[in-house]
Structures are given as structure tokens and as C-alpha cells.
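Engineer: Sequence and predicted structure, then a few things I'm wondering about:
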Amino acid sequence: MADAPRPLVAGNWKMNGLLAGREEARLVAERIAARPAACDVLICPPFTLIAPLAKTLDKSAILRGGQDCHPAQSGAHTGNVSAEMLSDLTCSHVIVGHSERRADHGESDVLVRAKAEAAISQSLTAIVCIGETEAERDRGETLDVVKRQLAGSVPYAATAASVTIAYEPVWAIGTGRTPTPDDVAEVHGVIRNELASRFGQDGHGMRILYGGSVKPANASELMSVANVDGALVGGASLKADDFDGIIEAYR
Ligand code: PGA
């Protein structure tokens, strides 16, 4: 069996942050430099802040990523950003298929897979998001939904380096509610089995992040669950104290 992947703590700023937000990122970088953690750290700001943050963080180990990309490399797609553009700004990752994009923009598994393929073609790691709604959980469909989204959204040529999975129950995002550690263990175990049967060793080495109301107070417990290789953090990634408090789970 492959070694457990090095964990990743990723911040998704969503549509938050002005130029002044660079200060929070700088503070996180300062704390990591003073007290290194046994994980990689990534910030995915809005597109407008990627270049300024790249400058703020150029001497830091903090990675940068986008929150979405278009499947095409360039062309007549008003308002969209390509994987190549993210790569050009020193991004290493891009989130694809976040539930807010699936819900607000009607993104299908097929589209999410195409976006992930575009990311891989530019040597970005695609963070592919999956997760059930509250109604699906109540109907006992969680594992079916997760398997279906995995099968449909993850590129055929995915490797441990090119794809990271983020399991984010939709009902846990921004609500302060989280699944129990046992529930997280069950879903992450199923995701690991699916990845291993599809990608072999790479499936064992692929990171599986948990996302949805991760905070300093619950990070250690959630990050210690089997097959949880880090976190995708929304609200709590916006303040240096909170984000660093989550990174603390790996110190
Ligand atoms: P949250 O968001 O941490 O604010 O719940 C997580 C996410 O949507 O990635």
C-alpha cells in the first residue's frame, strides 16, 4: 500500500476579499514560517486577488489556486478564466465542481470532468468536489451520490498528483453543522475504495479532503479520521487566526 498522502489544508475564499485581504494571507505565511506544519497549505482567492497574493506570498510556502476554470484553453467565453491563465499566475491547484457552482451554474459531472482535464493539461492539480445534499442524506442516498459524482467527475487519466478529491456534504457548508467522525470515516472509506479500484496505487495515494464547517475547534478531530488527508475550508480561511488554528491540527 502507498504511504498516506501528505495532508493539504486549502482555503476557499469564495467571493470574499479585497486587496486588504492580502494582510490575512501574509499573517498566515508568517505563522507557518515561525511554526511549520506537516501539511501543505493552499489559498484559493477570487481571481482578482491571485496575482496580488502571488506577490505577497512569493517567499512563502503557501500555494495559490483558482476556484474554477473553463474547459477550453482560450476563446470567446466572456467572463471565464482558463486553466492556462491560472498556471500563468503561478497557481498550482484549481477547485472544480464546488457544490455552489453545481447549484448556481448547473454544472454537471461531465462539465466538471472536462474542467479537471483542462486543469491537468496545464499541470494544475484539480480539486474535484463531491457531496450529497441534505435531502439525499435523509433518503439514505449519500454513498450512491458520492460514487456517481466520483465516476462522472474524475478524469480517466487521474493520478495521485493531478487530482485531489474534496468530500463536502452540501448541508455542512457554511452551516456550522458537520457529520460525525464515524460518518466521515464511512464516506471517505468508500471514496478510497472507489479510487483504489479505479486507479490502483494512485488511488491509494490520492488526497481526499473533508470540507464543510471546518473550524479550529473541530479540525483535530476531523483531520484524525481515517482517509482524511486534509481540509477544504471556506469561512474559516478568511481570518488568519482561524485558518492557522486549523493548520494547527498538523503541528
Ligand atoms: P465552509 O465552506 O468551511 O464555510 O463550510 C467550505 C467550502 O465550501 O469549501
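Structural biologist: Looks like it arrived, so ask away.

Engineer: hey, where'd the helices end up in the stretch 151-251 of the chain?
Structural biologist: With helices called from DSSP state H, counting those that start in this stretch, the stretch 151-251 of the chain shows them at 181-199, 201-205, 216-223, 240-247.

Engineer: Which elements pack onto the shortest one?
Structural biologist: Judged by 3 or more CB pairs under 8 Å, 6 or more residues apart in numbering; DSSP states H and E, helix 201-205 is in contact with helix 181-199. C-beta coordinates here come from the backbone N, C-alpha and C atoms, glycine included.

Engineer: What separation is there between residue 139 and residue 65?
Structural biologist: Per CB to CB, to the nearest Å, residue 139 is found 33 Å from residue 65.

Engineer: More neighbours: which of these two?
Structural biologist: Using other CB atoms under 10 Å, the more surrounded residue of residue 139 and residue 65 is residue 65, with 24 against 12.

Engineer: what's the nearest residue to that one if we skip its chain neighbours?
Structural biologist: Using CB to CB, 6 or more residues apart in numbering and skipping the chain neighbours, the partner closest in space to residue 65 is residue 93 (3.4 Å).

Engineer: The one you found: neighbouring residues, count only.
Structural biologist: Residue 93: 22 neighbours (other CB under 10 Å).

Engineer: And it, its phi and psi?
Structural biologist: phi -140, psi 160 (degrees, to the nearest 10).

Engineer: Contacts only, for it.
Structural biologist: Residue 93 sits next to 10, 42, 44, 63-66, 124-127, 164 when contact means CB atoms under 8 Å, 6 or more residues apart in numbering.

Engineer: where does this structure come near the ligand, residue by residue?
Structural biologist: Taking CB under 6 Å from any ligand atom as the criterion, the chain approaches the ligand at residues 12, 168, 173-174, 211-214, 232-236.
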